[in-house]
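Undergrad: here's my sequence, what's the structure:
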Amino acid sequence: MEEVCARTGQREVDIVGHSLGGLIARYYVQRLGGDSRVRTLVTLGTPHGGTAVAPGAGVHPIVRQMRGGSPLIEELRRPAPGCRTRFVSFWSELDQVMVPVETACVDHPDLDAVNVRVTGIGHLALPVHPAVATAVREALESQQTREGTATSTGTPSVA
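TA: Now for the predicted structure:
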């Protein structure tokens with residue numbers, strides 16, 4: 001991040017991460033002091049609460065960290081007072097990698113987070129679907145993400 005900021009002349013950056021990439025970015029922000037450089041972290045289908053389904057979990061140890069109760073997930077549940085980064089998490093009811101789907105929501109009392117429900121889009125399509133790309137751009141352009149389109153439950157959504 002230091003190199004990116006130096007090259008761009010910016011003090012802060014925004015990060016967009018999909019699935020495990022979002023989890024790695026969250027760890028950087030929340031546990032390694034990255035909140036001093038990351039203004040907004042947007043995640044797409046990221047297992048913030050862990051998932052019961054971790055494709056290839058036996059293949060590589062890092063994939064096992066996506067499971068609920070893993071050391072990584074437990075560490076992200078720890079207090080994070082003063083974390084300055086704004087979190088925007090996109091989740092979908094059709095995401096078959098997030099089990100249950102709500103695990104893709106950021107649910108932490110110390111974090112400034114909004115969870116955006118995406119309808120009709122699966123896990124692999126989240127980073128490439130035009131409606132999601134538009135919503136991500138709007139989230140990054142806006143400091144007022146919480147005022148986005150709301151469903152009847154009051155939750156921002158993308159259809």
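
Undergrad: all helices in this protein, in order from the N-terminus.
TA: Taking DSSP state H as the test, the helices found in the chain are 2-8, 20-31, 61-64, 71-76, 130-141.

Undergrad: next, the buried residues of the third one.
TA: Of the residues in helix 61-64, none is buried under the neighbour-count criterion (16 or more other CB atoms under 10 Å). Yep, even glycine has a C-beta here, placed from its N, CA and C like the rest.

Undergrad: show me how far it is from its chain's centre.
TA: Computed by CA atoms, centre = their mean, to the nearest Å, the separation of helix 61-64 from the middle of its chain amounts to 18 Å.

Undergrad: what packs against that helix?
TA: Applying 3 or more CB pairs under 8 Å, 6 or more residues apart in numbering; DSSP states H and E, one finds that helix 61-64 contacts no other helix or strand.

Undergrad: deepest-packed of the helices of the chain, please.
TA: Scoring the helices of the chain by mean neighbour count under mean count of other CB atoms under 10 Å gives helix 20-31 as the most buried, with a mean of 20.

Undergrad: re earlier: distance to Phe87 and mean pLDDT added to the helices of the chain, as TSV?
TA: Shown next, in TSV, are the helices of the chain (distance: least, CB to CB, whole Å; pLDDT from 0 to 100):
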stretch	distance to Phe87	mean pLDDT
helix 2-8	19	93
helix 20-31	8	97
helix 61-64	21	80
helix 71-76	11	96
helix 130-141	10	96
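
Undergrad: and those as CSV, adding distance to Glu93?
TA: Formatted as CSV, those follow (distance: least, CB to CB, whole Å):
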stretch, distance to Glu93
helix 2-8, 34
helix 20-31, 18
helix 61-64, 23
helix 71-76, 21
helix 130-141, 14
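
Undergrad: tell me where this protein is predicted with low confidence.
TA: In the predicted model, the chain carries pLDDT under 70 at residues 54-59, 143-155.

Undergrad: contacting residues around the spatially most central residue of the chain?
TA: When CA atoms, centre = their mean is applied to the chain, the residue found nearest the centroid is Thr43 (2.6 Å). Counting by CB atoms under 8 Å, 6 or more residues apart in numbering, Thr43 touches 16-18, 22-23, 25-26, 87-90, 104, 106.

Undergrad: any idea what it is bridged to?
TA: Beta-bridge pairing for Thr43 (DSSP bridges): Gly17, Ser89.

Undergrad: one step back: right, and the helices of the chain - which one's nearest Thr119?
TA: Nearest to Thr119, of all these, is helix 130-141, at 9.4 Å by CB to CB.

Undergrad: thank you, goodbye.
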